Every structure is written in C-alpha cells, then in structure tokens.
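Engineer: fold the stuff below for me.
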Amino acid sequence: MKSLGSVVGVGMRTGIGLDAMSTALLLRTGVPGIRPSPLAGPDGDRVTMAFDATLDPMLIGEERAARLGGHALRDLARVLGPKARSLRTRFAVAFPEPRPEQTRGEAGQLLATAFRSLMQETFGAPPVELSMKGAAGLAAVLPAALAELAAGTVDAVVAGGLHSDYDPAVIRSLAASGRLFSAAQPDAVLPGEAAAFLLIMRDDVARTHGLTPMARIHGIGADVRRVSTTKGAPGDGQSFDSTALANSIRAATDALEDGMSVGWTMTSLGLEHALVRELYSAVTRVHARLGPPLVIDSPAQRAGHLGAAALALAVGTMALGFRHGFAPAPLGLALAASDGGERAAILVGNP
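Structural biologist: Below you'll find the predicted structure:
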C-alpha cells in the first residue's frame, strides 16, 4: 500500500497519562481517569471529568490547553533532541471548535498566541496551518502538509491537536445545551482534556536522523456534511445520519489492497447515544472493509472528551501499539466526529 508518510514520534498529555507511552498503555488496558473535579456544575455539585491533576487547579481554558500542548510538544521533541529546531518543519494543528457564544477569532486568539510561543521553544518557528473544527479538524489540514512532505518541500510534519474542558465557561455552555454529563444524565459529554502530536517523515529523512517508522499513514477521508446529533434512546425512532462517517471511512480505506481489512478502530466517541448509533450504522455500511478481530476502542469514555486532540491521540496510540506489540491488528482506523458536522477517518498500518 502507498504511504503518505511515516509516524516516527509521538507526544501526548492527557488526564490519564503524563506522556505518550503511559497514555497509550493506560488506554489499551482500559484504566478509567474519571473523577470529581474542582469545578462546580450548575447544580453546585463537583463536575465529573478526566483532567490532568498535576496542573494548577486554578489554570483554566485556553491557557490550560496551551500548557497541555507544551507538555505534549516537549514529549515529542525528545525524539529529535536539539535537531528539532533545525528541521524544515510544517505544523498541522487542530484547535477546539468555538462555543455557541464565541466567534472563531475570540476562541482561537489566546490559544494560538500561547501555542506559537510553546512551538518556538521546541521546534523553532515553522509555518502552521490551523483548523478550528474540533475532533475531525486534523483531517482538514493534514493532507496539504503531507503533500509538502512528499514533494520534499519540508523535512517533517508535526500534526496534532489540543483541547481542554477544564473551564467554567465550557461547563456552563455544556450545561445550557443539556450536554453535561452527570449521574442523572449519562447521555452527555463527559468533559476531559488532552494534547497529542505526531512527528511524520519520509523514510529516507527519518533514517538520516536515526529514526524508524512506528506506523504509516495510508489514507485520509473527511466529509463536512451537516450531521444531526439528535438525542434519544436507542430504538426510539429518532433519526440520525451515518452517511458522512461512512463516506470518510470509504475514502480513507480506498488504499486497501485485495485481502486487506481493518481490525482495529479508535474513535472520538464519548457517551452520547446518537453518536454511538451513528458509528455502528456506519460500520454496517462499510463492513466489507473491516475484519477480525474488529476491536473498537473509544478512549473518550475513559479519558473524557478529547476534542481536537482525538485523531492525533488515536493515531499515536496505534503507532505505539505497533512499535511495542500491544496492537490487536496490523491495520487501524482513527475516527472522529465534530459538533459542527465534520467527520473524518485516518488509515494507519504497522510498518
């Protein structure tokens, strides 16, 4: 199968792991990171979520997301050491979607300023393409970056995303829309926070830096169709549309050759029933491209809402699984769904 680029390094920071390896191992072993947080919900009770308890509990919102991103970038930069600053690098980064009361400019300005400062600390000042489409956003900016990599315009692509729900404003917004998880309302968003980044190179460039592929990216699919996320219990007759997700899976897996099938899927799914039904409807539509053991992992159900970090975290976990022998299958599919309706899929394989 043709490769669009090789993942040669991973950096992560989540509510259940302080680096990439601890996060990947804890996700695969099913350890939950859910606990009461210092934040108060609309009823005055402490919000249940997954959060990085090593950070200052008074640090919130975009500043907190940037701090998570800084930790993940430093984790990634250790792969290269001082050479990270001398590479011709291109960044492709997904940011959180704006809340209903925000414009895109208001939502991204502080985070972008803080992120560029952290990026300069580790990788210098390379060009950055940002997407503010949340969980599926990385698929919107990664293809162009990988095209530059293939053309030799850049030596490396750093792809990833960052997200934090640890913010009173986010909690208020979720509560106002009826989407905040509680014991009385399990069909909702379980808040979380994460940052994840991938170092992607061509194999020839990787060899010059003493690096070997951990995973290869074989296909990317995205669909920006407006998708209904109408709530309701399974079987209650309310409609939902899995066309966009199925189209994304088909586009990403068109690279599969005869006899190949995907046996490992990682999704951005949390606990909202409509999105779970959408996934399984899409899986039914594309079942011919999936095969045993068909493991479906949903880290957000244990590590909280991953937002814009979801795709990079899924690909990074798969890459570490291939490298260290805990991948259940040689081909994996990272899936993501944004609130705005975007759906995305990335096909990765064991090198």
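Engineer: mind giving me the domain ranges of this structure?
Structural biologist: 5-208, 219-349 (automatic domain parsing).
Engineer: which of those domains has the lowest mean pLDDT?
Structural biologist: When those are compared by mean pLDDT, domain 219-349 comes last with a mean of 89.
Engineer: that one: end-to-end distance?
Structural biologist: 10 Å (C-alpha to C-alpha, to the nearest Å).
Engineer: okay, strands next: where are they in the stretch 201-350 of the chain?
Structural biologist: 215-223, 262-266, 290-297, 331-337, 343-349 (DSSP state E, counting those that start in this stretch).
Engineer: I'd like the domains of the chain as JSON lines, with mean neighbour count appended.
Structural biologist: Yep, even glycine has a C-beta here, placed from its N, CA and C like the rest. Listed next are those as JSON lines, based on neighbours: other C-beta atoms under 10 Å:
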{"stretch": "domain 5-208", "mean neighbour count": "20"}
{"stretch": "domain 219-349", "mean neighbour count": "21"}
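Engineer: what sits against residue 135?
Structural biologist: Residues counted as contacts of residue 135 (C-beta atoms under 8 Å, 6 or more residues apart in numbering) are 94, 268, 306, 307, 308, 310, 311, 336, 337, 338, 342, 344.
Engineer: look up how far residue 312 lies from the first one.
Structural biologist: Here the distance between residue 94 and residue 312 works out to 8 Å (C-beta to C-beta, to the nearest Å).
Engineer: repeat that for residue 46.
Structural biologist: 29 Å.
Engineer: just residue 304 next, same as before
Structural biologist: Counting by C-beta to C-beta, the gap from residue 304 to residue 312 is 16 Å.
Engineer: and the strands of the stretch 201-350 of the chain as TSV, adding distance to residue 57?
Structural biologist: Shown next, in TSV, are the strands of the stretch 201-350 of the chain (distance: least, C-beta to C-beta, whole Å):
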stretch	distance to residue 57
strand 215-223	35
strand 262-266	30
strand 290-297	29
strand 331-337	29
strand 343-349	33
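Engineer: hey, C-alpha coordinates of the helix of greatest length in the chain in PDB?
Structural biologist: Ranked by residue count under DSSP state H, the longest helix found in the chain is helix 104-123. These are the backbone C-alpha positions of helix 104-123, laid out as PDB (Å, rounded to 0.1, in the frame of the first residue of the first chain):
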ATOM      1  CA  ARG A 104     -13.700  31.800  15.800                       C
ATOM      2  CA  GLY A 105     -11.400  34.700  16.400                       C
ATOM      3  CA  GLU A 106     -12.400  35.000  20.000                       C
ATOM      4  CA  ALA A 107     -12.000  31.300  20.600                       C
ATOM      5  CA  GLY A 108      -8.600  30.900  18.900                       C
ATOM      6  CA  GLN A 109      -6.600  34.100  19.500                       C
ATOM      7  CA  LEU A 110      -5.300  33.400  23.000                       C
ATOM      8  CA  LEU A 111      -4.700  29.800  22.300                       C
ATOM      9  CA  ALA A 112      -2.800  30.500  19.100                       C
ATOM     10  CA  THR A 113      -0.600  33.100  20.700                       C
ATOM     11  CA  ALA A 114       0.300  30.800  23.600                       C
ATOM     12  CA  PHE A 115       0.800  27.800  21.300                       C
ATOM     13  CA  ARG A 116       3.200  29.600  19.000                       C
ATOM     14  CA  SER A 117       5.300  30.500  22.000                       C
ATOM     15  CA  LEU A 118       5.500  26.900  23.000                       C
ATOM     16  CA  MET A 119       6.200  25.700  19.500                       C
ATOM     17  CA  GLN A 120       9.100  28.100  19.200                       C
ATOM     18  CA  GLU A 121      10.600  26.600  22.400                       C
ATOM     19  CA  THR A 122      10.700  23.200  20.900                       C
ATOM     20  CA  PHE A 123      10.600  23.400  17.100                       C
END
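Engineer: packing partners of that helix?
Structural biologist: If you count contacts as 3 or more C-beta pairs under 8 Å, 6 or more residues apart in numbering; DSSP states H and E, helix 104-123 packs onto helix 61-77, strand 89-94, strand 128-131, strand 156-164.
Engineer: and if we set it to 6 Å?
Structural biologist: Applying 3 or more C-beta pairs under 6 Å, 6 or more residues apart in numbering; DSSP states H and E, one finds that helix 104-123 makes contact with helix 61-77.
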